Every structure is written in structure tokens, then in C-alpha cells.
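S.K.: Next one to model:
(2 chains)
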Amino acid sequence: MRRRNFLQWAVYSTAALAAGATPFVLSRLLAPAERLLARRHLRPPGALKNDAEFVSACIGCGLCGEVCPPRCILFHQRDGGAQVNTPYINPEEKACTLCGKCTEVCPTDALMPIEREKVDMGVAQIDRSACYPWVDRGICGACVSICPLGEQAINFKQWNQYQPVIQDGCVGCGLCVEVCPHPSLPIRIVERSQGSVMRHTV
Amino acid sequence: MNEALVNKSSINKAAHKPFFLWKHLNKLRWLSLTIVFAMLVLIPFLHVYQTYVSAHTYDLLSGSEKQIYDAMEWLTSPFVDDPEDQLDALKGNTWSGTFGGVQLSDPLAVLGQLVSSQAFYWPFILTALIPVILTIFFGRFYCGWICPATFLYELNSNLAVLLRKSGLHMGNKRLDHRLKYVALAIGLAIAVITGSVAFAAIYPPAVIGREIYYAIALGGFGSGVVFFLLTLLFDLLVARRGFCRYLCPGGALYSLLGRFRLLRIKRIVESCNDCAKCTAVCEFGLDPLHDEFGQECNNCTACIAVCPTNAMTFYFSPQDIANQGPGHLGRKYKQNNSVFDQDNKMAEDA
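M.R.: Model prediction:
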């Protein structure tokens, strides 16, 4: 009798647990492949490659922000944890124009002067299922016309077709993200290691 | 008998006044603090003005933005022709900044960066050279004469006086002043562990400089303001100037650097009358009346300004002098030395 009660209890509780876990398991199984996250915290141009190194070199004086002509450099607050007061650029609000003033003023050389073609803030990535020209919703070309690096960074797929294609020379300044008229921002900046310039995964 | 009295009164009247602004040094200090604070407010406005200039957008600016533009143009046009580039000579705050092309940094910033990155980067370390040399000569002068947080903290302690007069109880606990060395050590340990100069976020002058910039140029205060308001409350409710005296890591570093400072304040015991106003006025809770200055004194000259008999002066020495005993114009000294008793006896005899 006792054993039977126990077995019953065990079966019921297992069923309850399984029922509870089902949604999580299903969502885990049915979830699409992980999308590339749009980077909203780009380091200013010329930042040390290793981010931990950059954070340890930066004293948070804010000089880079104080010389930035478009005032695009923001500073981590509580969200940054140990990175508090270190600079970042959110291209969705205001993007870097690659003027390089911040690299000249940095006292600790956490930002080092660098040629604008060799800046590495990431690489732009286009979502071809949303971008207006790519889904035949009109002519746009805002990203191509704003790009400070020109044809070597972003270009149209073919002459007279306004579908933008990222090229090898993209340094990830994010101006294209800032000007993109589409509300879901089908163009975004991703890590260079994650971005495939030619493949354009969605 | 008369000679003795005459001598004493002559000491009292021949005021110790090496130069004409001697009694106004404290006001000069306030002027210096105000200028530094005003610069911290002005520099972000200059930056905003520069961004407007570089974007050539005067016609697109809103009314208040145009006001900023016009005001800054009026301020700077006598000095610079090309504001977009030339105003870059004046940037930053007291944590690190360029002042007329000279890069200066807080020694604490250099020390923090050194331990967090564990690398010697000489161009940056040398930016703290001038402040370090000045600190070795003048001690914690930064805390009294430059620190933008001191400006607000002293206003805050004036507020505490007002509140106390209106009957509120304001705290004035005495903690151990060595707490701030512990704070410095913990801050450096955190810098080593996290690999970031995170304690810049709890160093009031750096916080003030940054937050003013955030508020003016980036459209809102950051999280540092909350911390700063907490320190103001700490100063009001727990200890007068408590953060500077007991917790400030920068103050700890400056105290250590200024341990053997050359410029010190001394009490001229011959003209002191034991009124203890110097001890009452000292923001850092030191005891000038008993010659206790130590490495905490920031040469703020408040005691020089308040002394009714001009018994406070600067002198050069790497060491404080030992307690000189009661002031020679005070009652205690007179009782001990009984000069006046003899005088009185002589008078009675006559």
C-alpha cells in the first residue's frame, strides 16, 4: 500500500515536472539559429583590440567625448559594471565619422591614432529580408551615399540596382546604421569575426 | 613692569602680515575653487559650441541652442579665430585634461591606470609629474585649492552650519583618518582584480568633472550624481567633510605624497591667545591650537584668516614642530609663568 502510494506520487510529480519543462524544451528545440546581435556598444576608432586591455588602459577621463565633433561618444554608466565611464558609440543614436580626433587626445593611448581604412570597430551586415531595395520596396541607397569610405566599404550590387552590398573595406563606423530609414534597422554592425562580408546571413 | 606690558601689546598689534593679502588667502582659495568649477562648467559648453561650428548648422539650431552658440562665440571670439580647432587646447577636467596644450592628470589616475593595466606607459605617467612635484612641496593643496568637489563640500558644510542653527542635529563623528588609506588600498585591489580604473567612479572630483560634462553635453546626469549626493548626505549627517577626511582615495594618495611637504602652517606661540578659533574653523578637524597638522593639512589657510591675533603663518620645513604649549597671550600661559602675578605684586607694593 505504502509502496503503491509512493509510486503514484513519483509518477505524478515526474509528469508535473515534464509538463512544466515542456515549453522550455520546445522553445529550445524550435528556436532558430542564433541571430547575430547588433552591436550597440562599439568602441571608438583606434581602441586597443583586446577589450579587457582597453578597459584597463582607459581612466574614464571623458576627453574623447569632449573632442568628438558629432558628439557620438557616450560613456558606460551602471550598465557597464567594471567598464564604468569607458567610452562607447551607439551607431543607432549617433555614429562615428572617423575623424580621429579622439585618438589624438587620449592621454593613455587606449585609443591610438590609426588610418581610417585600418579602423576596426566591426563590420556592417545587411538583413536582405528587410532592406527596402532588397525586398523591392523602392530605391534607397542612404547607406551607400553616407559611407565615408566609399566604394571599398559598401556598394550597390550592380550598376543601376540599388541593393547595397558590404565590401571588404568596411570598418564598422556605423554611419549607415544611423541613416538607415527602415524602422527595424536591417543594417547593423557586428563583430568582424562574426560578420561574413560576402555571405550576408540573415 | 610697564616695559613688559608694552612689549606684550606691541606683539599683539604688530600683526604678522608678510604681504597685503595675507588675511585674505582663504578668499583667494575660494576664488581658485570657483574658477576651477566655472571652467568645468564652461568647457562642456565650449565643446557643444564647437560641435555646432563644425556642423555649420547655425540656421538649424533651436532657440536655446542659438543662445549657447551666441554666448560662446561672444566669449571666445576675442581669443580664437578658428574655434573648431583652437578650442581643443582647453579640454577635460581635473582627472585628466589639456590646459593650453599641457596634458595634466591626477596622480590617482596615473596610479590607478598603472595597477589596472600593469604596464608603464611613460607619456601618460609624465602627465602627473607637475601635480606630484607640487604635492611634494605643498602637501594636500589640491584638496583645498583645486578640487571641484571641495567647492561643493564646503558649501555643504556651510549648509550644515545653517541647519544646525535652525535646530537640526548634524553629525560630527570623529572616525579614524587612516580609513582613507584602507579605501585607497581597496580601490587599487579592485583595479587589479577587475582590470579597470573602476574607483574613478567613487572619486568625487572625477565624478564632478564627468557629470557636469554629461549633464551639459550628453543631455543628462549619469549614475555618479547619486554617489555624490550620498557623500553630501554623509558629510551632513555623519561627519563634517567626512568623505574627504576619512574615505577619499585621492586624499589618501595626496596625504602620502605630501607626508614630508615643505610648506607648512605654524602657530606663532608668542602671539597666540588660545582662543581656539583655528581648531573650530578647520574643515579637516585638525587641531592647530595644539600644533597638530600632520599630513592631513591641506594648507587651506582658513586658520590664518580666522586668527584674531595673526598667530598663524607659513613656514618651510619637512616636519611639523612639536606642541609648543599654550599661547603666550592666553590665560593658561600667564598662570603658569605668573608674569602678571609678579607685576601685580609690584603694583601692590608700589
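
S.K.: which SS class is B:Arg164?
M.R.: Using DSSP: H, G, I helix; E, B strand; the rest coil, the structure places B:Arg164 in helix.

S.K.: ranges for the strands of the chain?
M.R.: Picking chain A for this. Remark: strands assigned in chain A by DSSP state E are A:73-75, A:87-89, A:123-126, A:154-158, A:161-166, A:187-190.

S.K.: right idea, wrong chain: chain B
M.R.: With DSSP E as the criterion, chain B has strands at B:90-92, B:96-99, B:102-105, B:263-267, B:312-316.

S.K.: would you turn the ones you listed into JSON lines with mean pLDDT and mean neighbour count?
M.R.: C-beta here means a position set from N, CA and C on the backbone, and glycine is covered the same way. Shown next, in JSON lines, are the strands of chain B (pLDDT from 0 to 100; neighbours: other Cβ atoms under 10 Å in any protein chain shown):
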{"stretch": "strand B:90-92", "mean pLDDT": "90", "mean neighbour count": "22"}
{"stretch": "strand B:96-99", "mean pLDDT": "90", "mean neighbour count": "22"}
{"stretch": "strand B:102-105", "mean pLDDT": "92", "mean neighbour count": "18"}
{"stretch": "strand B:263-267", "mean pLDDT": "90", "mean neighbour count": "20"}
{"stretch": "strand B:312-316", "mean pLDDT": "89", "mean neighbour count": "15"}
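
S.K.: As a markdown table, those strands with distance to chain A would be great.
M.R.: A markdown table is the format used below for those (distance: least, Cβ to the nearest Cβ, whole Å):
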| stretch | distance to chain A |
| --- | --- |
| strand B:90-92 | 5 |
| strand B:96-99 | 4 |
| strand B:102-105 | 6 |
| strand B:263-267 | 28 |
| strand B:312-316 | 33 |
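
S.K.: follow-up on the earlier one: out of the strands of chain A, flag the one nearest B:Leu229.
M.R.: strand A:73-75 (19.0 Å; Cβ to Cβ).

S.K.: so who does the residue most central in space within chain A touch?
M.R.: Among the residues of chain A, the one closest to the centroid is A:Arg39, at 1.8 Å (Cα atoms, centre = their mean). Listed by Cβ atoms under 8 Å, 6 or more residues apart in numbering or on different chains, the contact partners of A:Arg39 are A:122, A:188-191.

S.K.: how far away is it from A:Lys94?
M.R.: Distance, A:Arg39 to A:Lys94, using Cβ to Cβ, to the nearest Å: 15 Å.

S.K.: do A:Ser193 as well
M.R.: Going from A:Ser193 to A:Lys94 by Cβ to Cβ gives 25 Å.

S.K.: Average pLDDT for the lengthiest helix in chain B, rounded please.
M.R.: Counting by DSSP state H, the longest helix found in chain B is helix B:25-55. Mean pLDDT, helix B:25-55: 94.

S.K.: do the same with stretch A:84-103
M.R.: Rounded mean pLDDT across stretch A:84-103 is 92.

S.K.: Need the distance between the two termini of it.
M.R.: Start to finish, the residues bounding stretch A:84-103 are 20 Å apart (Cα to Cα, to the nearest Å).

S.K.: Would you reformat the strands of chain B as CSV and include distance to B:Lys173?
M.R.: Output for these, formatted as CSV (distance: least, Cβ to Cβ, whole Å):
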stretch, distance to B:Lys173
strand B:90-92, 36
strand B:96-99, 34
strand B:102-105, 34
strand B:263-267, 25
strand B:312-316, 27
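
S.K.: list the contacts for the most centrally placed residue in chain B?
M.R.: The centre of chain B sits closest to B:Gly144, judged by Cα atoms, centre = their mean, with a distance of 1.4 Å. For B:Gly144, the contact set (Cβ under 8 Å, 6+ apart) comprises B:29, B:150, B:298-301.

S.K.: which among the residues you listed gets closest to A:Asn50?
M.R.: Scanning the contacts of B:Gly144 for proximity to A:Asn50, where the rule is Cβ to Cβ, the winner is B:Thr150, at 37.5 Å.

S.K.: Touching, that closest one and B:Trp30? I think so.
M.R.: No - assessed by Cβ atoms under 8 Å, B:Thr150 is found out of contact with B:Trp30, at 10.1 Å.

S.K.: Among the contacts of A:Arg39, name the buried ones.
M.R.: Using 16 or more other Cβ atoms under 10 Å in any protein chain shown as the burial test, those include A:122, A:188-190 as buried.

S.K.: wait, which of those residues is closest to chain B?
M.R.: Closest to chain B out of these is A:Ile189 (20.8 Å), distances taken as Cβ to the nearest Cβ.

S.K.: which residues does that closest one bridge with?
M.R.: Beta-bridge pairing of A:Ile189 under DSSP bridges involves A:Ala124.

S.K.: hang on, the earlier thing: of the contacts of A:Arg39, which pair is most distant in space?
M.R.: A:Arg188 and A:Glu191 (11.2 Å).

S.K.: Tell me the one of the buried ones among the contacts of A:Arg39 nearest A:Ser13?
M.R.: Sorting these by how near they are to A:Ser13, with Cβ to Cβ, puts A:Val190 at the top with 44.7 Å.

S.K.: pretty sure the closest one contacts A:Met121?
M.R.: No - counting by Cβ under 8 Å, A:Val190 does not reach A:Met121; the two are 10.6 Å apart.

S.K.: So for stretch A:107-121, what gets flagged as buried?
M.R.: In terms of neighbour count (16+ other Cβ under 10 Å), stretch A:107-121 has its buried residues at A:107-108, A:110-111, A:114, A:116, A:119, A:121.

S.K.: Quick one: the residues you listed as JSON lines, columns for pLDDT and distance to A:Glu66 too.
M.R.: Conversion of the buried residues of stretch A:107-121 to JSON lines gives the following (pLDDT from 0 to 100; distance: Cβ to Cβ, whole Å):
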{"residue": "A:Pro107", "pLDDT": "92", "distance to A:Glu66": "12"}
{"residue": "A:Thr108", "pLDDT": "91", "distance to A:Glu66": "15"}
{"residue": "A:Ala110", "pLDDT": "93", "distance to A:Glu66": "15"}
{"residue": "A:Leu111", "pLDDT": "94", "distance to A:Glu66": "13"}
{"residue": "A:Ile114", "pLDDT": "93", "distance to A:Glu66": "20"}
{"residue": "A:Arg116", "pLDDT": "91", "distance to A:Glu66": "21"}
{"residue": "A:Val119", "pLDDT": "92", "distance to A:Glu66": "20"}
{"residue": "A:Met121", "pLDDT": "91", "distance to A:Glu66": "20"}
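
S.K.: need the longest helix for chain A.
M.R.: Under DSSP H, chain A gives helix A:2-30 as its longest helix.

S.K.: buried sites along that helix?
M.R.: If you call a residue buried by 16+ other Cβ under 10 Å, then helix A:2-30 has no buried ones at all.

S.K.: Quick one: list the elements packing against that helix.
M.R.: Packing partners of helix A:2-30 (3 or more Cβ pairs under 8 Å, 6 or more residues apart in numbering or on different chains; DSSP states H and E): none among the helices and strands.

S.K.: could the strands of chain A be laid out in TSV, adding distance to B:Phe284?
M.R.: Conversion of the strands of chain A to TSV gives the following (distance: least, Cβ to Cβ, whole Å):
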stretch	distance to B:Phe284
strand A:73-75	32
strand A:87-89	35
strand A:123-126	55
strand A:154-158	60
strand A:161-166	60
strand A:187-190	50
